[in-house]
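*Asks:* Turn this into a model:
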Amino acid sequence: MASRTENPPIHTAAEPVPETAPARGPRRKLGSLTIHDVAALAGVSSVTASRYFNDPGRVSEKLRDKLAAVIRDTGYVPSQVARRLASSQGGLVGAVMQNVASPTFAPLVRGMGDTLEQHGLQLLLANSDYSIASEERAIQAFLGWHPSGLILTRGDHSEASDALLAQLRIPVIEAWEVVEGRPFHQVGFSQREVGHMLTRHFLEQGVRRIRFALNARMDDTRAARRAEGYAQTMRAAGLVPEVVVSPESDDILAGTDHAERLASESAGGRPRAVVFSNDSMAMAALLGAARLGLAVPDVCALAGFGDAPIGAILTPALTTVRTAPDAIGSTAARMLIELLHAPAGQPAGIRTHRIDCELVVRDSSRITR
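*Replies:* Numbering: from 1, shown residues only. Prediction:
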């Protein structure tokens, strides 16, 4: 049997036969090239290639063009870890958010990102969903990138995270709330003061029975601290605190559950006012109360926390506490930058920057009108 031979390659007019082999080999897989490979392909030293990325003004235009052509042809991306190890300029800042889906945190991220970018720093985000264990894993992952600093949006961490953070030689800032006695820099407000503020609002209107409503997420320790502020204010007024936890973890379901609970209670058995741990729960309760025929604020007054935009257009409009997330984010970023540029040997005291919240009174809580 005759042996089968392969057909020779066919070249069309649109694809002329090359007279010589390409000057460079096939495009390598992204990440497989090193800066030494790029330097060799461009015919320059590794020092010149490194300088091209870190200080391009010190490289001649001719060499910049050669390096740019190689980078374009190969798709080379410099290692951020290597750049951080080689230079103290620029770099990454890791931030662990408790809930990136929350509209409250979007301005916080914007404030951090815009400020850091102005100083040549890149913000990287991780979402912990209120889990201390998830936050611990995110911190460990960020440290593998040798960041310039860390911004953490909670005032309590796992024991392992606290021990690890205490050993770092980079700025660590706890942004969003201020918790007394913490060993790290802080920017934000007191959650307990928020609880005081909302409770006093009702006490000043003569209300004696006030409830604090939570969902089933006991890992949201900030809501728990707001509840503590409420309880402290009630006891200081000679009253008995009443903290009620819904079996529902979801804010909307928990708010609806609390509304149904209120509607099922007798006129003499239900509280005159309810402070909800966040606006999502309060708004769900407000809508649920209307559906169940429970008049707000005539039968029971409601208030929330967070100043969600939709709360202002409900009927009745929701009383809430307005935070300043954009200011918290930008202030935390500026503090980190100041710490990075502090003179060597300067005493490193703990910095705390408080940013006040504002009580926004609307019709849902106006008992005396």
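*Asks:* Walk me through the domains of this protein.
*Replies:* Under the assignment automatic domain parsing, the domains of the chain span 35-78, 87-189+326-355, 191-322+359-365.
*Asks:* Most tightly packed of these?
*Replies:* domain 191-322+359-365 (a mean of 19; mean count of other Cβ atoms under 10 Å). C-beta here means a position set from N, CA and C on the backbone, and glycine is covered the same way.
*Asks:* Please state the offset of that domain from the chain centre?
*Replies:* 25 Å (Cα atoms, centre = their mean, to the nearest Å).
*Asks:* distance of the residue nearest the centre of the chain from residue 351?
*Replies:* Centroid check for the chain by Cα atoms, centre = their mean gives residue 97 as the closest residue, at 3.0 Å. Separation of residue 97 from residue 351 (Cβ to Cβ, to the nearest Å) stands at 21 Å.
*Asks:* How about residue 146?
*Replies:* Distance, residue 146 to residue 351, using Cβ to Cβ: 23 Å.
*Asks:* And for residue 124?
*Replies:* Taken as Cβ to Cβ, the span from residue 124 to residue 351 is 23 Å.
*Asks:* wait, residue 300 sits on residue 261?
*Replies:* No. Using Cβ atoms under 8 Å, residue 300 is not in contact with residue 261, being 10.8 Å away.
*Asks:* can you give me the strands in the stretch 151-300 of the chain?
*Replies:* Taking DSSP state E, counting those that start in this stretch, the strands of the stretch 151-300 of the chain run over residues 172-177, 185-189, 210-214, 242-245, 273-276.
*Asks:* Now mean pLDDT and distance to residue 109 too, for those strands, in CSV please.
*Replies:* CSV is the format used below for the strands of the stretch 151-300 of the chain (pLDDT from 0 to 100; distance: least, Cβ to Cβ, whole Å):
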stretch, mean pLDDT, distance to residue 109
strand 172-177, 95, 11
strand 185-189, 96, 14
strand 210-214, 98, 26
strand 242-245, 98, 30
strand 273-276, 98, 24
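*Asks:* where's the closest residue to residue 142 other than its chain neighbours, which helix or strand?
*Replies:* Counting by Cβ to Cβ, 6 or more residues apart in numbering, residue 94 is the residue found nearest to residue 142 once chain neighbours are left out, at 3.3 Å. Element membership of residue 94 [criterion: DSSP states H and E] is strand 91-97.
*Asks:* so what does that strand touch, helix or strand wise?
*Replies:* Strand 91-97 is packed against helix 80-86, helix 105-118, strand 121-127, helix 132-143, strand 149-152, with contacts defined by 3 or more Cβ pairs under 8 Å, 6 or more residues apart in numbering; DSSP states H and E.
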